[in-house]
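>>> Sequence plus predicted model, see below.
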Amino acid sequence: MANIIELKQITKVYGEKIKTQVLFDINLSFEPSSFNSIIGESGSGKSTLLNIIGTLDKPTTGEVYIDNERTDTLSKIDLAKLRNQTMGFIFQFHYLLPEFTAKENVLMPYKIYNYKVPKEIDEWADELLNLTGLTKVAHNLATDMSGGQQQRTAIARALINKPKIILADEPTGNLDSDTTENVYAILRDINEKYKTTFIIITHDQRIAEKTDRIIEVKDGRINLDLKK
């Protein structure tokens, strides 16, 4: 089975006069439908690595392939289209638009490239809201939901375009332990139900241990790569 993500000899250096190298010769690949975590201390390079995978940042040297397409050489327009259609992002902070309802926020990534929302997409949004336990607050403004509800809305939003890949950066970092367990269960359910590939950055060892593969980044290098 071909890998859905491949990183080849990735390095990342910041700065012009004073250079700081944060990634060193990273070689990493991910299989379709896999459920992975990336762990590491603050400053280890794990968020930089995730940003390069997600095409939000470019490597200084090396090659990045997403779904068999090399991305580090694409234009900004082509990268934006690839992100919108192939990847979903879940961050520690939900980044919902406060003047819109939960459902309107969920539909937003679809509406970026499509003026009208057809019936099947509208129904898919309802299905995602049901999957994430948000049906009762679907028409609440983002500001009229709890932190857990806002984060679950962000999860549903990440799925509206049926991406092959979900990248999550500390998705439960602002949540209490019970809500964290609930959010994790939703992510795992999505992985199994829709065969979505997940890469989750987390400081939570309990979450990492529940994934099928743990990758530890230390000082800009892969220190551990454990498949279960």
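Arrived safely. Residues are numbered from 1 along each chain as shown.
>>> Spatially nearest residue to the residue nearest the centre of the chain, not counting backbone neighbours?
By CA atoms, centre = their mean, the chain has its centre lying nearest to Leu167, at 1.6 Å. For Leu167, ignoring the flanking residues on the chain, the nearest one in space by CB to CB, 6 or more residues apart in numbering is Gly54 at 4.8 Å. Where C-beta positions appear, they are placed from N, C-alpha and C, glycine not excepted.
>>> how many other residues sit next to that neighbour?
Gly54: 23 surrounding residues under other CB atoms under 10 Å.
>>> Tell me the spacing between it and Ala80.
12 Å (CB to CB, to the nearest Å).
>>> mind listing the strands for this protein?
In the chain, the strands defined using DSSP state E lie at 5-14, 20-30, 35-39, 61-66, 69-70, 87-91, 165-169, 197-201, 213-218, 221-227.
>>> Which secondary structure elements does the longest helix along the chain sit against?
Ranked by residue count under DSSP state H, the longest helix found in the chain is helix 177-194. Applying 3 or more CB pairs under 8 Å, 6 or more residues apart in numbering; DSSP states H and E, one finds that helix 177-194 contacts strand 35-39, helix 119-131, helix 147-159, strand 165-169, strand 197-201.
>>> Where does the prediction get shaky in this structure?
For the chain, applying pLDDT under 70 flags the ranges 1, 174-175.
>>> Turn the helices and strands packed on helix 177-194 into CSV, including distance to Ile215.
Formatted as CSV, the helices and strands packed on helix 177-194 follow (distance: least, CB to CB, whole Å):
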stretch, distance to Ile215
strand 35-39, 5
helix 119-131, 27
helix 147-159, 21
strand 165-169, 13
strand 197-201, 9
